[in-house]
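>>> Provided below for reference: sequence and predicted model.
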Amino acid sequence: MTDPVTRTEMLDTLEAMLEAQLRAVRTLRGGKRRKAVAGGVGTRKSNMSLIEDILRAANEPLHVNEIIARARRDHGRALKRESIVSALTKKVLDRQSFERTGPNVFGLLAEAEGEP
């Protein structure tokens, strides 16, 4: 008598079958892949784009701690404080999109606020 199939074995088998089916579909398409739909699976905004969206929605400068809190609350993203402060500071020094209005408080430059 054969042993019962374990959950892991069943999942491995299903995964192999689905991968084979996907390869077959891609072969039939001629190797052409569809472009990802904006906001769909496989697309992700950069941290800086996310921060820009947060500041644009706030319509006022925010402290880095508030930016982190809103990223987690509204977008489900965990940002590292040191990384975003460093990246924002570089953008501020290059006068690209962001300005520093206080200690660890960042806002959008006037010309960046008008962009869609």
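Yep, it's here.

>>> Tell me how many other residues surround Asn21.
Careful, residue 21 is Gln and not Asn. 10 (other Cβ atoms under 10 Å). To be clear about C-beta, it is placed using only N, CA and C from the backbone, and glycine gets the same treatment.

>>> Okay, and it sits in which element?
For Gln21, the host element (DSSP states H and E) is helix 7-28.

>>> helices or strands next to that helix in the packing?
The helices and strands touching helix 7-28, judged by 3 or more Cβ pairs under 8 Å, 6 or more residues apart in numbering; DSSP states H and E, number zero.

>>> May I have it exported as CSV, CA atoms only?
Extracted in CSV, the C-alpha atoms of helix 7-28 (Å, rounded to 0.1, in the frame of the first residue of the first chain):
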residue,chain,number,x,y,z
ARG,A,7,0.8,18.6,2.2
THR,A,8,4.3,19.7,1.1
GLU,A,9,4.4,17.1,-1.6
MET,A,10,1.0,18.2,-2.9
LEU,A,11,2.0,21.8,-3.0
ASP,A,12,5.3,21.0,-4.7
THR,A,13,3.4,19.1,-7.4
LEU,A,14,0.9,21.9,-7.9
GLU,A,15,3.7,24.4,-8.2
ALA,A,16,5.6,22.4,-10.8
MET,A,17,2.4,22.0,-12.8
LEU,A,18,1.6,25.7,-12.7
GLU,A,19,5.1,26.6,-13.7
ALA,A,20,4.9,24.2,-16.7
GLN,A,21,1.5,25.7,-17.7
LEU,A,22,2.9,29.2,-17.5
ARG,A,23,5.9,28.3,-19.6
ALA,A,24,3.5,26.8,-22.2
VAL,A,25,1.4,29.9,-22.3
ARG,A,26,4.4,32.1,-22.7
THR,A,27,5.7,29.8,-25.5
LEU,A,28,2.3,30.1,-27.3
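
>>> Great, nothing more from me.
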